[in-house]
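Peer 1: Structure of the sequence below:
(2 chains)
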Number of protein chains: 2
Amino acid sequence: MGKKYTAPYEVAYYDGDITGSMKIPSMLAVVVKTSEDQSILLNRDTDFIASFGLGWVITNYEIEITRLPKVGEKLAVTTQAMSYNKYFCYRNFWIHDEAGNECVLIKSTFVLMDQKNRKISSVQPEIIAPYESEKITKIYRHQKIEKIEQGKFLTYRVRFFDIDGNQHVNNAIYFNWLLDVLGYDFLTTYEPTKILVKFDKEVEYGQEVESHYELVETAEQLKTRHEIQIAGQTYCEANIEWQPRHN
Amino acid sequence: MGKKYTAPYEVAYYDGDITGSMKIPSMLAVVVKTSEDQSILLNRDTDFIASFGLGWVITNYEIEITRLPKVGEKLAVTTQAMSYNKYFCYRNFWIHDEAGNECVLIKSTFVLMDQKNRKISSVQPEIIAPYESEKITKIYRHQKIEKIEQGKFLTYRVRFFDIDGNQHVNNAIYFNWLLDVLGYDFLTTYEPTKILVKFDKEVEYGQEVESHYELVETAEQLKTRHEIQIAGQTYCEANIEWQPRHN
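Peer 2: Here you go, the predicted model:
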């Protein structure tokens, strides 16, 4: 397994939702920053990757939430490049609280995308070497994401501040669309314990997305299924498991 | 003049717009955090204020931007309670870059709002004393905000993550609505040099706002006039001056 990198983060008031829990979009933005910082440290920043005509894109998250951090908490955010094969790089993120307890574990899959034709490139040894992650032949099978059978939706217009330096919608913004559609009552009653997300296509400025969702309630588990669509095409799929909020 | 408080801040990738400049909504969130941190330091945190049945609300900003900070820059963010009269507290914020140059100056007006009836309360000596700001009798005359004469608008639905711990839309979100409506071409061509904002009424979850704007172009100055409306009522007014982007 590759090099670890840990950075401290104090949850700011603007990271908190109405209950004082850290917003999922903020959480994702903050953890991804540690991988950016590690890349800068290893002289593999965005400009270096761009010199190959490539850019990093995240295709999957598997998020296990033991508890959501609260505003004011001092966290340790850790990232580690775990392994890679011909096309996929596997990277974990952890959030620990001040007492050293694990709050969140995020498994992610990164690919290198050709900046011109937006096709996946094979992993370049010169890019990946300094992370010292293990080369494997196996392709990790992500946990299955169940499709929506009968959903409802709201539309969201992509805003100027949703797009970042590489002209695409920042990953964290998808979580805003995925969750917001569930509404105030649901989001103040339940909190997520597990989130599976798959990013299929890149949303761009000027587009309007539909955030579809469906509630699946069994005796043991409350789950939501999600799909971000544009013109009937799938851009992102997600399943989220929920429990009653503790606060 | 009152006590100064300075905190460091490094502009994260998620604070940056498509050009790598710090987003105005992020900038406001970050500067306001310094006043929250100073209040915690002086034992005047939100819970203490709430014990009087009150909460801080910002009514006005006058923002002078010498240059927008860029992603990766290490900033010093400073705040100081300047003076107060019977109802209004005047607080300044400064952003300086690593070389000590002033990037941004923000003059703001805070009031104490009764949490039950949402009316302005007179300033309580016990709340304000530790900031050591000067008591004055004069009421500061804010720079005049010109009204829209003939505008266009887009609508924005208030999202779950737009509301913060006190159940209202975070101030920084208004800047998202005010600016987004100007569109990609405008926002990548021009950058703001001066922003005047007045918050008239509080927007809440479940509401849909109209972000109205009008361009006013003279030989010397490009200016935009703004108004956030719900059902014909004014919730927020702004004037923004622009210059061509340098990057």
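
Peer 1: from here on, contacts and neighbour counts on C-alpha atoms
Peer 2: OK.

Peer 1: Can you pull the residues of chain A lying near chain B?
Peer 2: A:12-14, A:16-20, A:23, A:29, A:33, A:159-161, A:163-167, A:176, A:180, A:183-184 (C-alpha under 8 Å from any C-alpha of the partner chain).

Peer 1: Now which of those residues would you call buried?
Peer 2: Buried members of the residues of chain A next to chain B, counted by 16 or more other C-alpha atoms under 10 Å in any protein chain shown: A:12-14, A:16-20, A:23, A:29, A:33, A:159-161, A:163-165, A:176, A:180, A:184.

Peer 1: which other residues reach the helix ranked longest in chain A?
Peer 2: Longest helix in chain A, counting residues (DSSP state H): helix A:24-41. Identification of contacts with helix A:24-41 by C-alpha atoms under 8 Å, 6 or more residues apart in numbering or on different chains yields A:5-7, A:15, A:45, A:77-79, A:93, A:171-176, B:12-14.

Peer 1: what sits against the residue in chain A sticking out farthest from the centre?
Peer 2: Seen from the C-alpha centroid of chain A, the residue lying at the greatest distance (C-alpha atoms, centre = their mean) is residue A:219, 28.6 Å away. Listed by C-alpha under 8 Å, 6+ apart, residue A:219 has no contact partners.

Peer 1: Can you name every helix or strand that the helix or strand hosting residue A:194 contacts?
Peer 2: Assigning secondary structure by DSSP states H and E places residue A:194 in strand A:190-199. Here strand A:190-199 touches strand A:54-65, strand A:233-244, going by 3 or more C-alpha pairs under 8 Å, 6 or more residues apart in numbering or on different chains; DSSP states H and E.

Peer 1: I'd like those strands laid out as JSON lines, including mean neighbour count.
Peer 2: Output for the helices and strands packed on strand A:190-199, formatted as JSON lines (neighbours: other C-alpha atoms under 10 Å in any protein chain shown):
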{"stretch": "strand A:54-65", "mean neighbour count": "20"}
{"stretch": "strand A:233-244", "mean neighbour count": "19"}
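
Peer 1: okay, these in a markdown table with mean pLDDT next?
Peer 2: Below are the helices and strands packed on strand A:190-199 laid out as a markdown table (pLDDT from 0 to 100):
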| stretch | mean pLDDT |
| --- | --- |
| strand A:54-65 | 96 |
| strand A:233-244 | 97 |
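
Peer 1: So which of the contacts of helix A:24-41 belong to strands?
Peer 2: Counting by DSSP state E, those place A:5-7, A:77-79, A:93 in strands.

Peer 1: Highest neighbour count among these?
Peer 2: residue A:79 (27 neighbours; other C-alpha atoms under 10 Å in any protein chain shown).

Peer 1: Next one, pLDDT for that one please.
Peer 2: Note on residue A:79: pLDDT of 98.

Peer 1: Ok, residue A:166 next?
Peer 2: 70.

Peer 1: hey, where'd the helices end up in chain A?
Peer 2: A:24-41, A:46-50, A:125-128, A:171-180, A:184-189.

Peer 1: give me every residue that touches the closest residue to residue A:106 other than its chain neighbours.
Peer 2: Of all residues not flanking residue A:106 in the chain, residue A:63 sits nearest, at 4.4 Å (C-alpha to C-alpha, 6 or more residues apart in numbering or on different chains). Counting by C-alpha under 8 Å, 6+ apart, residue A:63 touches A:104-107, A:194-196.

Peer 1: Could you do residue A:67 as well?
Peer 2: Residue A:67 touches A:103-104, A:193, counting by C-alpha under 8 Å, 6+ apart.

Peer 1: any idea how far residue A:234 is from residue A:160?
Peer 2: Distance from residue A:234 to residue A:160, counting by C-alpha to C-alpha, to the nearest Å: 22 Å.

Peer 1: Please read the previous query as pertaining to residue A:96.
Peer 2: 33 Å.

Peer 1: For the contacts of residue A:67, give me JSON lines that also has neighbour count, pLDDT and distance to residue A:129.
Peer 2: As requested, the contacts of residue A:67 are exported to JSON lines (neighbours: other C-alpha atoms under 10 Å in any protein chain shown; pLDDT from 0 to 100; distance: C-alpha to C-alpha, whole Å):
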{"residue": "A:103", "neighbour count": "17", "pLDDT": "98", "distance to residue A:129": "30"}
{"residue": "A:104", "neighbour count": "21", "pLDDT": "98", "distance to residue A:129": "27"}
{"residue": "A:193", "neighbour count": "18", "pLDDT": "98", "distance to residue A:129": "34"}
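
Peer 1: shaky segments in chain A?
Peer 2: Along chain A, segments meeting pLDDT under 70 span A:247.

Peer 1: Mind doing that once more with 90?
Peer 2: Flagging of chain A using pLDDT under 90 yields the residue ranges A:1, A:118, A:164-168, A:170-171, A:206, A:218-220, A:246-247.

Peer 1: Hmm, residue A:192 is touching residue A:239, no?
Peer 2: No - in this structure residue A:192 lies outside contact range of residue A:239 using C-alpha atoms under 8 Å: 10.2 Å.

Peer 1: Which residue is the nearest non-sequential neighbour of residue A:208?
Peer 2: Per C-alpha to C-alpha, 6+ apart, closest to residue A:208 is residue A:157, 4.3 Å.

Peer 1: what about residue A:69, how many residues close to it?
Peer 2: 24.

Peer 1: quick one: it from residue B:205, how far?
Peer 2: Residue A:69 is 23 Å from residue B:205, by C-alpha to C-alpha.

Peer 1: need the contact list for the residue lying closest to residue A:66 once chain neighbours are set aside.
Peer 2: Spatially, and ignoring its direct neighbours in sequence, residue A:66 is nearest to residue A:103 (5.0 Å; C-alpha to C-alpha, 6+ apart). By C-alpha under 8 Å, 6+ apart, the contact list for residue A:103 reads A:65-69, A:94-97.

Peer 1: Quick check: beta-bridge partners of residue A:152?
Peer 2: residue A:213 (DSSP bridges).

Peer 1: isn't it right next to residue A:214, touching?
Peer 2: Yes - the pair residue A:152 and residue A:214 passes the contact test of C-alpha under 8 Å, sitting 6.6 Å apart.

Peer 1: Between the two, which has more neighbouring residues?
Peer 2: Per other C-alpha under 10 Å, whichever of residue A:152 and residue A:214 has more neighbours is residue A:214, with 19 against 14.

Peer 1: do you know how far that one is from chain B?
Peer 2: When C-alpha to the nearest C-alpha, to the nearest Å is the yardstick, residue A:214 and chain B sit 18 Å from each other.
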